[in-house]
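In: Starting from these lines, generate the structure:
(one chain, ligands or ions: 1)
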Amino acid sequence: MTSRSPGKRTSRRTRSAITVAASGVLAAAAVLTFSPTAHAADTLGGAAAQSGRYFGAAVAPHLGETDYESTLNREFSSVVAENAMKWDATEPSPGQFNFSGGDELVAYAKQRGKFVRGHTLVWHDQQPGWVQGLTGDTLRQAMRNHITKVAGHYAGKIDSWDVVNEAFEGDGSRRQSNLQKQLGNGWIEDAFRTAKAADPKAKLCYNDYGTDGINAKSDAIYRMVQDFRARGVPIDCVGFQSHLASNSDLSTYRQNLQRFADLGVHVQITELDVGGSGAAQANVYRQVTQACVAVARCNGITVWGVTDKYSWRAQETPLLFNGAYQKKEAYGAVLAALNSAAS
Ligand code: 9MR
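Out: Model prediction:
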């Protein structure tokens, strides 16, 4: 407002306009002083929605608990089953499917207009015993059938599927799982193509941990995604689990998200939790949230649970609500970071 072209006098009309504008700014400032949240959302899901993002939580079977359910209803706009859609839960014996846990969660979410992430179609862990002993083409057919049946069952209801979970080692090599050893390098591509045929509308993600910056593991995944995009293998998103600690090095976190986004895929924070408490924990949550909202293709964040007391890392109190469902300092940091993205 104070800058103007050199040599030009400010006319009376301009001056009075400046005065009016300046008093308007003062009035707005006064309003902001007395009501700092005038335009800020007061829930995580609401704040994320202002910039077109979701904010979700992993859900375990505690929906009957009043505080659990009311916190989930109020704060989160997306859900993912912590365990109920994994291979051991959905196909406990060959060709015998059990969708009860997943169906319950999907119905819950749909009734309340929440997004649903699917987790996970193929993973080396939590495979039912019968899969672990399979070899060669029998394993390939079992994998394809599992993906076809599970993704087919939920087709049209899942926003993003973690098609393949945790297939790389920290040094960037392929994890030597039964899938890798029996099926060779092509199994990940095979899984994505099979998922695409079963649910053409879901975003198909590769999901992993230890990818919280530019490192050997994220480099290897980056090259895979680049190759898939170049060859038309259907991949739409990459999930960054982000199981973190209060002293995690996040110096290249945003840059890492951005380089994946630049390949044309969405990036999502899929299993966020941060061991610790107070300001140190809040600071890590803030940095992750700020990184996501700084990347246009980062379309959502999911925390890996609702309350510390049911977390897989309960002793590390890694979530946004304590065991009594009170908001922690980290909650305020995330909410503020989401709101500032919107303004
Ligand atoms: O939180 C999940 C826990 O309840 C299960 O016992 C465990 C089994 O391995 O899986 C946990 O969730 C994992 C997720 O599915 C994949 N990334 C790592 C998560 C934490 O272990």
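
In: Write out the residues of the stretch 201-343 of the chain neighbouring the ligand.
Out: The interface of the stretch 201-343 of the chain toward the ligand, taken as C-beta under 6 Å from any ligand atom, is made up of 209, 241, 271, 312. Just so you know, the C-beta spots here come from the backbone N, C-alpha and C atoms, and that holds for glycine as well.

In: mind listing what the first one touches?
Out: What that stands for is residue 209. By C-beta atoms under 8 Å, 6 or more residues apart in numbering, residue 209 lies in contact with 166, 241, 242, 243, 271.

In: and the nearest residue to residue 320 once chain neighbours are set aside, helix, strand or coil?
Out: Spatial nearest neighbour of residue 320, excluding adjacent residues (C-beta to C-beta, 6 or more residues apart in numbering): residue 331 at 4.4 Å. Of the three states, residue 331 takes helix under DSSP: H, G, I helix; E, B strand; the rest coil.

In: wait, doesn't residue 331 sit right on residue 321?
Out: Yes: with contacts counted by C-beta atoms under 8 Å, residue 331 reaches residue 321, the gap being 6.9 Å.

In: Pull stretch 109-127 out as PDB, backbone CA atoms only.
Out: Only the C-alpha atoms of stretch 109-127 are listed here, as PDB (Å, rounded to 0.1, in the frame of the first residue of the first chain):
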ATOM      1  CA  ALA A 109     -17.500 -44.600   6.800                       C
ATOM      2  CA  LYS A 110     -20.100 -44.400   4.000                       C
ATOM      3  CA  GLN A 111     -22.900 -43.500   6.400                       C
ATOM      4  CA  ARG A 112     -20.800 -40.500   7.600                       C
ATOM      5  CA  GLY A 113     -19.300 -39.400   4.300                       C
ATOM      6  CA  LYS A 114     -15.800 -40.400   5.100                       C
ATOM      7  CA  PHE A 115     -13.100 -41.600   2.700                       C
ATOM      8  CA  VAL A 116     -11.800 -45.100   3.000                       C
ATOM      9  CA  ARG A 117      -8.200 -46.200   2.400                       C
ATOM     10  CA  GLY A 118      -7.700 -49.900   1.800                       C
ATOM     11  CA  HIS A 119      -4.700 -51.500   3.500                       C
ATOM     12  CA  THR A 120      -3.300 -53.800   2.200                       C
ATOM     13  CA  LEU A 121      -3.600 -56.300  -0.600                       C
ATOM     14  CA  VAL A 122      -0.100 -57.800  -0.700                       C
ATOM     15  CA  TRP A 123       2.400 -57.800   2.100                       C
ATOM     16  CA  HIS A 124       5.100 -60.200   3.300                       C
ATOM     17  CA  ASP A 125       3.700 -59.900   6.900                       C
ATOM     18  CA  GLN A 126       0.300 -61.000   8.200                       C
ATOM     19  CA  GLN A 127      -0.100 -63.600   5.400                       C
END
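
In: Does the ligand have contacts with that stretch?
Out: Yes: Stretch 109-127 is in contact with the ligand by C-beta under 6 Å from any ligand atom, via 125, 126.

In: can you give me how far that stretch is from the chain middle?
Out: Centre-to-centre, stretch 109-127 and its host chain are 12 Å apart (C-alpha atoms, centre = their mean, to the nearest Å).

In: Does the residue in the chain that the ligand sits nearest to belong to a helix, a strand or coil?
Out: Here the chain gets closest to the ligand at one residue, residue 312, 3.7 Å apart by C-beta to the nearest ligand atom. Following three-state DSSP, residue 312 is assigned to coil.

In: any idea of the pLDDT on it?
Out: As predicted, residue 312 sits at a pLDDT of 98.

In: got it, and residue 82?
Out: Residue 82 is given a pLDDT of 98.

In: Can you pull the phi and psi angles for it?
Out: Note on residue 82: its backbone torsions stand at phi -60, psi -40 [degrees, to the nearest 10].

In: burial count for it?
Out: Neighbourhood size, residue 82 [other C-beta atoms under 10 Å]: 23.
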